[in-house]
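Visitor: need coordinates for the following:
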Amino acid sequence: PGLARLRLSSIEVNHLGEELVRALRETTTVSCHLHVPLQSGDDAVLAAMGRRYTVATYLRRLARADGFNITTDVIVGFPGEDEHAFENTLRAVEAGGITQVHVFPYSPRPGTRTAAEDTVSPAVKKARSARLRALSDESCRRRWREKLGSEDVVLVDRPGRGYGDDYTPWLVEAPVGELLRVRADRVTEEGILGVAA
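Guide: Predicted structure coming up:
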């Protein structure tokens, strides 16, 4: 009682079961957003990372959350990632309907299995990261454009900015901490410009 909005933070795809999704859909308090790390869209790279899922499993489980805004994490340039594996990652991001991708170039960590390996050059990591970020930016803007003319309730978390129900960023003028009903007026580089509805 009294809680206006709850957002579930990052969860592993293997926890994205039917029971959880059903529970998320049953309440208007929970945001329609899930952050589900992908890490790679290539099965061989996922196996080398020690991940316990395949791309097909990831996409099948993600499909349960149809209508949610899905964001993710991807590691670019993991040892052994060739161009084909990276292209698989781009395809997986698109197939999953993922909007924002947090891109992390691989860097060796002491004590890990791959600590002595770093087979992808910094220049290739940088280029692949730029390509993935560009895809992420376009996916975000596509989702934002779909909202033009519609209304949402924005939680203002800092001066001039806030997040809608599905964690879409909005530009709004209201006191920090306020929940404000707004209409999507136009899309900017930073989010949706909202006007009071």
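Visitor: next, residue 183: secondary structure please.
Guide: Look at residue 183: counting by DSSP: H, G, I helix; E, B strand; the rest coil, its state is strand.
Visitor: quick check: it touching residue 153?
Guide: No: using C-beta atoms under 8 Å, residue 183 makes no contact with residue 153, being 11.3 Å away. C-beta: built from backbone N, CA, C; applies to glycine.
Visitor: give me the number of residues near residue 54?
Guide: 13 (other C-beta atoms under 10 Å).
Visitor: so what's it up against?
Guide: Applying C-beta atoms under 8 Å, 6 or more residues apart in numbering to residue 54 gives the contacts 43, 46.
Visitor: if we go to 10 Å?
Guide: Residue 54 makes contact with 42, 43, 46, 47, 60, according to C-beta atoms under 10 Å, 6 or more residues apart in numbering.
Visitor: nearest to residue 72, of those residues?
Guide: residue 46 (13.2 Å; C-beta to C-beta).
Visitor: which residues touch that closest one?
Guide: 38, 39, 40, 52, 53, 54, 55, 57, 58, 78, 85, 88.
Visitor: of those, closest to residue 177?
Guide: In terms of C-beta to C-beta, no member of the contacts of residue 46 lies closer to residue 177 than residue 38, at 32.9 Å.
Visitor: make sure the closest one is actually in contact with residue 98.
Guide: Yes: contact status for residue 38 versus residue 98: in contact at 7.4 Å, counting by C-beta atoms under 10 Å.
Visitor: now do the shared contacts for these two.
Guide: Joint contacts of residue 38 and residue 98 (C-beta under 10 Å, 6+ apart) are 62, 70, 71, 72, 74, 92.
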